[in-house]
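Visitor: here's a sequence, model it:
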Amino acid sequence: MVSLKRYIVVALPVVYLIFASHSHVDASNNFCATAVDKQLCVTTVKGAQSWDEAITKALILSQNQLAKASKSGNPACKKYYKDTKENLKESLEAMGIAAGSEEVKNKSLNVQLPAALTNLEDCIKALKGLKEYTSAEKTLMHGVEQAIRVCLAVNESKSASKSPMSYTPSFNIIS
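Guide: Presented below is the predicted three-dimensional model:
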């Protein structure tokens, strides 16, 4: 009987540690619940402790992807790249200047992020009419699209925690 008690005393802390380690949920999973590319989203927001950190990381990824696309992209999209860049810049600025105002952040992101995706869609439409729309450009545009969709997913994660209604984009601009 003594050996059974000793076994239980030793086993209980081990079982507790196993369950405790599995019950820890990475915050990035909460931010990425609706992401189209969950792996990209989780990688992007990894280490973010708050929604503000997660959305900032996602916006920076989007800006970096857009910079790559606009640097080597087609001149037919110059205006669309500029407009998308402005949408992402305004979203990021809202995070900094509206540090205390959740309403301002939400309004800005709810307008600017879908607008950025729409501008990108307009660029794709313009490029599809051109014969020189290369697979390299498609890859660049896909990277920008996915990065913006990460922003939308992270933004939606905040809305989903407060409201049953959420924004789910119903189109895929890269074909």
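Visitor: enumerate every residue touching residue 45.
Guide: 27-28, 31-32, 53-54, 57-58, 150, 154 (CB atoms under 8 Å, 6 or more residues apart in numbering). Bear in mind the C-beta positions are built from the backbone N, C-alpha and C, glycine included.
Visitor: so for this structure, the centremost residue is which one?
Guide: Centroid-nearest residue in the chain, with CA atoms, centre = their mean: residue 150, separated by 2.0 Å.
Visitor: hang on, the earlier thing: using a markdown table, lay out the contacts of residue 45 together with secondary structure.
Guide: Converted to a markdown table, the contacts of residue 45 look like this (DSSP: H, G, I helix; E, B strand; the rest coil):
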| residue | secondary structure |
| --- | --- |
| 27 | helix |
| 28 | helix |
| 31 | helix |
| 32 | coil |
| 53 | helix |
| 54 | helix |
| 57 | helix |
| 58 | helix |
| 150 | helix |
| 154 | helix |
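Visitor: now the residues you listed as JSON lines including pLDDT and distance to residue 109?
Guide: JSON lines is the format used below for the contacts of residue 45 (pLDDT from 0 to 100; distance: CB to CB, whole Å):
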{"residue": "27", "pLDDT": "57", "distance to residue 109": "19"}
{"residue": "28", "pLDDT": "58", "distance to residue 109": "18"}
{"residue": "31", "pLDDT": "93", "distance to residue 109": "13"}
{"residue": "32", "pLDDT": "94", "distance to residue 109": "16"}
{"residue": "53", "pLDDT": "93", "distance to residue 109": "14"}
{"residue": "54", "pLDDT": "94", "distance to residue 109": "12"}
{"residue": "57", "pLDDT": "95", "distance to residue 109": "14"}
{"residue": "58", "pLDDT": "95", "distance to residue 109": "10"}
{"residue": "150", "pLDDT": "96", "distance to residue 109": "13"}
{"residue": "154", "pLDDT": "94", "distance to residue 109": "9"}
